[in-house]
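Engineer: Sequence first, then the predicted structure:
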Amino acid sequence: MSAEQLPSLARTVEALLFLAGDPLSVAELAEAAEVGEGAVAAALALLAEQYAPGRRGIQLRELGGGWTLASDPASERAARRLLSRPRASTLTPAQAETLAIVAYLQPISRPEITRIRGVSADSATGTLLERGLIEEAGSSQFGAVLYRSTTQFLKLFGLRSLEELPDVARWDPSPEEQADLRERLLRAGEQRAS
Amino acid sequence: MSAEQLPSLARTVEALLFLAGDPLSVAELAEAAEVGEGAVAAALALLAEQYAPGRRGIQLRELGGGWTLASDPASERAARRLLSRPRASTLTPAQAETLAIVAYLQPISRPEITRIRGVSADSATGTLLERGLIEEAGSSQFGAVLYRSTTQFLKLFGLRSLEELPDVARWDPSPEEQADLRERLLRAGEQRAS
Amino acid sequence: MRRHGEARSGGDGEAGAPVGSARYGARMSLAALELDLDVFSGPFDLLLTLVLREEVDLLELALADVVLAYLDHLEQRGELDLETATEFIVLIAALLELKSRLMLSGEDEQLLDIEPEQAAAELLARMLDARRYRAAATHLGELLAAEHGVRFREAPPPLELRRTIIAPADGSHSPELLGAAIGRLLSTPPAISVLHIAVPRISVAERLEHLRTLLRRGSFSFEEAVRGADRMTVAVTLFALLELYKTGEAGWEQQESFGEIAVRARSREAPSSLALAGRAGGLAG
């Protein structure tokens, strides 16, 4: 199977189509490549031949007045398997901590989670929301969004109810201390942050 | 210029690489395409030939523990004009040092980084986190957040794995130079004591 | 011919050759330091350079001048880079600490308790470590530069291909993961020792009072005045003693280096009596 070298302009146009998510017009391509529209049209014709349907896993399509690269529909089954596989079933330490805080202290606001963790919880909260492990539960008196755990969370952790969350005393570095868990976590978080 | 038809599996692999932004391992590709890893490796070899540097506007690269498609650097000027954002490609010396320490000594805490650098690494660590070059990796026994490098780091630095980083000892001074340094330090210490 | 291990590239050879881009003269001049401030990137770097230029004596370096040079440098640049400024402050603090240790040589048992060989080995190890990762950083910079122009597709895959169709299995996560996370979050870092910062709880006035009480006996040894006291108290007592000397209330003498300091009351009318005083009697050991 041969694969000769594409002319320089066709390579540039190919790279631009690859990088851009949306269709690019001939005018846009010409401006970016600093050549005339005629030259771009010729390059596109060459690429259209290369990317003719059925030849490759990527196709060149003319859509909405512009050109774009798209995956071959024949690969749809594999693409679905790849892109919709269950997200990595492990939680990152940041996600596990954020989820634990929500599970044990719910409802709780993001600023409080941040105070306890000592670092921003935005990315972890976002992922947990997206994965359906936590959800919004109204707003605090200061207007901050509150979070609670979901039914999905209970299912994934094999819990019938929140009552079944393990007693933290087992992992507690100073179990003799008699303060409220929320208060102690906030205090520890502030000490770590200072 | 001819462009024959790629075999079906190579087309599927090409489509998957095109759709996924991040490097895909042979195992991931095999699972998505529902074939053995050997078949995927053969398809990748075929694609590698198609996408050999200089042939197309897109290159096939082995990076960060997997395979990914990337634009040919020759199209950078046009890409910059089109996307009107420069590729964030520079690091300040402080960021580069912090990244080097994390890459070599991961997982490592911020205080440890500071101790090695002799100056605070807070701002550099923040920027590296934001740029996705490092990420959190749990906490040390003293509660300090640990950091490790990301796949994004490998991807942007053109590395297949951390193993590709050269041994740091390579930059050590020769034993004679070290002996010489030690002697001078001792002499300085003696002068001080006298 | 001595081979210079170098903090940066270039420069070599006999005494006086520049170390890389750090253009130091035979003595580190202020102007040279000012030039170097553009490029220094860490105190260990500077320290390494200082040690390599063995003729530089920190004791002879006026750190206040270094600060002034830095301020001038900032003014010329017309902007304040916070990161560099922070590094400078850390650097100058490190140099101050080092210099104060040099000036207190021998006195500070706690801090200089280690053998010179051990100290040298430790410092060498730290300098080599810093240097190693600085070189590694340069290497990473080269790798990144070699990738210049390589871009990756950032467009998200079509939504219809992303929709989750396979649900993760029930009970696939262990609840213990959550308990352990809470345990981690409950842990606090060990208390940070601030002993070396020495909050002055002792005032000069207090120590003046103490010395004046002792002076009523006519004489005493400094050792006696500070017996059992911490370093800070010793230092403040010394200040108080200087104050008494200034006011003419006390004088002292020391027969030999590191020997006992005998303090005695001095009449304001006859300051010369100090010079004539022999080793004061009645000194406790």
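Structural biologist: Everything's here; your move.

Engineer: low pLDDT regions in chain A?
Structural biologist: Counting by pLDDT under 70, chain A shows low-confidence ranges at A:1-4, A:85-89, A:193-194.

Engineer: Strands of that one, residue ranges please.
Structural biologist: A:58-63, A:66-71, A:108-109, A:134-139, A:145-149 (DSSP state E).

Engineer: what's the closest of those strands to chain B?
Structural biologist: strand A:66-71 (4.0 Å; CB to the nearest CB). No exception for glycine: its C-beta is placed from N, CA and C like everyone else's.

Engineer: how about the CA coordinates for the closest one, as CSV?
Structural biologist: Extracted in CSV, the C-alpha atoms of strand A:66-71 (Å, rounded to 0.1, in the frame of the first residue of the first chain):
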residue,chain,number,x,y,z
GLY,A,66,-17.2,24.6,5.0
TRP,A,67,-15.0,21.6,5.2
THR,A,68,-14.5,19.3,8.1
LEU,A,69,-12.9,15.9,9.0
ALA,A,70,-15.2,13.4,10.6
SER,A,71,-14.9,9.7,11.7
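
Engineer: Contacts for it, please.
Structural biologist: For strand A:66-71, contacts defined as CB atoms under 8 Å, 6 or more residues apart in numbering or on different chains pick out A:17-18, A:20, A:22-26, A:28-29, A:44, A:51, A:57-61, A:79, B:15-16, B:18-19.

Engineer: Let's see that with 6 Å instead.
Structural biologist: Strand A:66-71 has contacts (CB atoms under 6 Å, 6 or more residues apart in numbering or on different chains) with A:17-18, A:23-25, A:58-59, A:61, B:15, B:18-19.

Engineer: Can you sort out which of those residues also neighbour chain C?
Structural biologist: Contacts with chain C within those, counted by CB under 6 Å from any CB of the partner chain: A:18, B:19.

Engineer: tell me the two of the contacts of strand A:66-71 that are most distant?
Structural biologist: Of all pairs drawn from the contacts of strand A:66-71, the one with the longest distance (CB to CB) is A:S25 and B:A15, at 24.7 Å.

Engineer: Am I right that C:F239 is in a helix?
Structural biologist: Yes: assessed with DSSP: H, G, I helix; E, B strand; the rest coil, C:F239 lies in a helix.

Engineer: how close does it sit to C:V226?
Structural biologist: C:F239 sits 12 Å away from C:V226, going by CB to CB, to the nearest Å.

Engineer: Between these two, point out the one with more neighbours.
Structural biologist: The residue with more neighbours, out of C:F239 and C:V226, is C:V226; 19 against 15, by other CB atoms under 10 Å in any protein chain shown.

Engineer: Surely that one and C:A235 touch.
Structural biologist: No: judged on CB atoms under 6 Å, C:V226 makes no contact with C:A235 at a distance of 9.4 Å.

Engineer: Next, the contact list for the one residue sitting closest to the centre of chain A, please.
Structural biologist: Geometric centre of chain A, nearest residue: A:T127, 7.0 Å, by CA atoms, centre = their mean. When contacts are counted by CB under 6 Å, 6+ apart, A:T127 is found next to A:Q95.

Engineer: How about C:V150?
Structural biologist: C:V150 sits next to B:70, B:73 when contact means CB under 6 Å, 6+ apart.

Engineer: For the one helix or strand C:A205 maps to, name the packing helices and strands.
Structural biologist: Taking DSSP states H and E as the definition, C:A205 sits inside helix C:204-215. Under the contact definition 3 or more CB pairs under 6 Å, 6 or more residues apart in numbering or on different chains; DSSP states H and E, helix C:204-215 sits against helix C:231-246.

Engineer: I figured C:W252 hits C:R264, correct?
Structural biologist: No: applying CB under 6 Å as the test, C:W252 and C:R264 come out as separate, 7.2 Å apart.

Engineer: Buried ones among the contacts of strand A:66-71?
Structural biologist: Neighbour counting over the contacts of strand A:66-71 (16 or more other CB atoms under 10 Å in any protein chain shown) leaves A:17-18, A:23-24, A:58-59, A:61, B:15, B:18-19 as the buried ones.

Engineer: Return the member of these nearest to chain C.
Structural biologist: Once CB to the nearest CB is applied, the member of the buried ones among the contacts of strand A:66-71 that ends up nearest chain C is B:L19, at 4.4 Å.

Engineer: Show the contacting residues for the closest one.
Structural biologist: By CB under 6 Å, 6+ apart, the neighbours of B:L19 are A:71, A:79, C:157.

Engineer: ok, and the most crowded of those?
Structural biologist: Result: A:A79 is most packed of the contacts of B:L19 (other CB under 10 Å), 27 neighbours.

Engineer: what number of residues lie near C:T237?
Structural biologist: C:T237 is flanked by 21 other residues according to other CB under 10 Å.

Engineer: now it: how far from A:A144?
Structural biologist: Where A:A144 is concerned, C:T237 sits at a distance of 55 Å (CB to CB).

Engineer: If you count neighbours, what's buried in the longest helix anywhere in chain C?
Structural biologist: Identified as the longest helix of chain C according to DSSP state H is helix C:116-146. Judged by neighbour count using 16+ other CB under 10 Å, the buried positions of helix C:116-146 are C:116, C:119-120, C:123-124, C:126-141, C:144.

Engineer: roughly how far apart are the closest residue to chain B within chain C and B:A96?
Structural biologist: Nearest residue of chain C to chain B, counting by CB to the nearest CB: C:G149, 3.0 Å away. C:G149 sits 19 Å away from B:A96, going by CB to CB.

Engineer: These two: which is more packed in?
Structural biologist: The neighbour comparison of C:G149 against B:A96 (other CB under 10 Å) goes to B:A96, with 23 against 18.

Engineer: Skip the chain neighbours and tell me the closest residue to the more buried one.
Structural biologist: C:A137 (3.8 Å; CB to CB, 6 or more residues apart in numbering or on different chains).

Engineer: and the closest residue to A:E164 other than its chain neighbours, backbone torsions?
Structural biologist: Setting aside the residues directly before and after it, A:E164 is nearest to C:P175 in space (CB to CB, 6+ apart), at 7.2 Å. C:P175 adopts backbone torsions of phi -60, psi -20, taken as degrees, to the nearest 10.

Engineer: can you count the residues close to C:P175?
Structural biologist: By other CB under 10 Å, 17 other residues sit near C:P175.

Engineer: Just the endpoints, please. Distance across stretch A:100-113?
Structural biologist: 10 Å (CA to CA, to the nearest Å).

Engineer: That stretch near chain C anywhere?
Structural biologist: Yes: Stretch A:100-113 comes into contact with chain C (CB under 6 Å from any CB), by way of A:100, A:103-104.

Engineer: what's the spacing between the nearest residue to A:Q191 once chain neighbours are set aside and B:T12?
Structural biologist: Residue nearest to A:Q191 in three dimensions, not counting chain neighbours: C:T188, with 4.5 Å by CB to CB, 6+ apart. Computed as CB to CB, the C:T188 to B:T12 distance reads 53 Å.

Engineer: Please identify which of these two sits among more neighbours.
Structural biologist: B:T12 (28 against 17).

Engineer: what residues are up against the more buried one?
Structural biologist: By CB under 6 Å, 6+ apart, the neighbours of B:T12 are A:75, A:78, B:33.
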